[in-house]
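*Asks:* Have a look at this fold, sequence not included:
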């Protein structure tokens, strides 16, 4: 595990670290020499189960073009129909579609593979996979495809204000 905790982080990872500190989270952003872009890569670098990876998946709501962030367990796939139904139940009544790299960068400020669950350029609607709630600790991207941070599921909910639901 070639990691560099704290100092020397890339600018996006430094921003996530500062946001975590401002929110009262004491954990450290860890940056790896190898990529943590996919759930499998992140789990291998960290040494945890793929299910403990809290991957950030961005969708584009239609027709508003708002970002919808689904934070899903690394083992799961997002059921887009369930997410769209939940948006409708919240009175947003929108469908969702895949977001391209430009949309993700514009709405979040992060590149695909490094989208943190916090610090987005434009605040998204956020849903959190209920399967993440069963772990003592989980890991999320920290602004780059090489950086992650550890937190508890409760901290994820507190930091994001996301709604916990069955997303797969």
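*Replies:* Here it is on my side, so go on. Quantities reported herein were computed from a predicted structural model and do not represent experimental measurements.

*Asks:* next one: stretch 126-136 to chain centre, how far?
*Replies:* Put simply, stretch 126-136 sits 11 Å off its chain's centre (CA atoms, centre = their mean, to the nearest Å).

*Asks:* Any chance you could list what contacts it?
*Replies:* Contacts with stretch 126-136, where a contact means CB atoms under 8 Å, 6 or more residues apart in numbering, come from 51-52, 54, 68-73, 75-76, 83, 86, 117, 138, 152-153, 156-157, 160-168. (Each C-beta comes from the backbone N, C-alpha and C, glycine too.)

*Asks:* And stretch 145-161, end to end?
*Replies:* With CA to CA, to the nearest Å applied, stretch 145-161 spans 24 Å between its terminal residues.

*Asks:* just the strands in this structure please.
*Replies:* 3-5, 30-32, 53-62, 67-73, 95-98, 125-129, 138-141, 147-151, 163-165 (DSSP state E).

*Asks:* Beta-bridge partners for the residue nearest the centre of the chain, please?
*Replies:* Closest residue to the average C-alpha location of the chain: residue 56 at 3.1 Å, with CA atoms, centre = their mean. With DSSP bridges applied, residue 56 shows beta-bridge pairing to residue 71.

*Asks:* For the nearest residue to residue 12 once chain neighbours are set aside, grab the count of nearby residues.
*Replies:* Distances taken as CB to CB, 6 or more residues apart in numbering place residue 143 nearest to residue 12, at 3.4 Å, with adjacent residues excluded. Neighbours of residue 143 under the rule other CB atoms under 10 Å: 29.

*Asks:* Residue 143 contacts residue 16, correct?
*Replies:* Yes. In terms of CB atoms under 8 Å, residue 143 counts as a neighbour of residue 16; the distance is 4.2 Å.

*Asks:* if I look at those two, which residues touch both of them?
*Replies:* Overlap of the contact sets of residue 143 and residue 16 (by CB under 8 Å, 6+ apart) consists of 29, 116, 119.

*Asks:* will you turn those into JSON lines that also has distance to residue 131?
*Replies:* Below are these laid out as JSON lines (distance: CB to CB, whole Å):
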{"residue": "29", "distance to residue 131": "24"}
{"residue": "116", "distance to residue 131": "20"}
{"residue": "119", "distance to residue 131": "24"}
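
*Asks:* just to revisit the earlier point, which of the contacts of stretch 126-136 are buried, as a ChimeraX select command?
*Replies:* The buried residues among these can be selected in ChimeraX (16 or more other CB atoms under 10 Å) with this line:
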select :51,52,54,68,69,70,71,72,73,75,76,83,86,117,138,152,153,156,157,160,162,164,167
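
*Asks:* what about stretch 151-164, average pLDDT?
*Replies:* Taken as a whole, stretch 151-164 has a mean pLDDT of 98.
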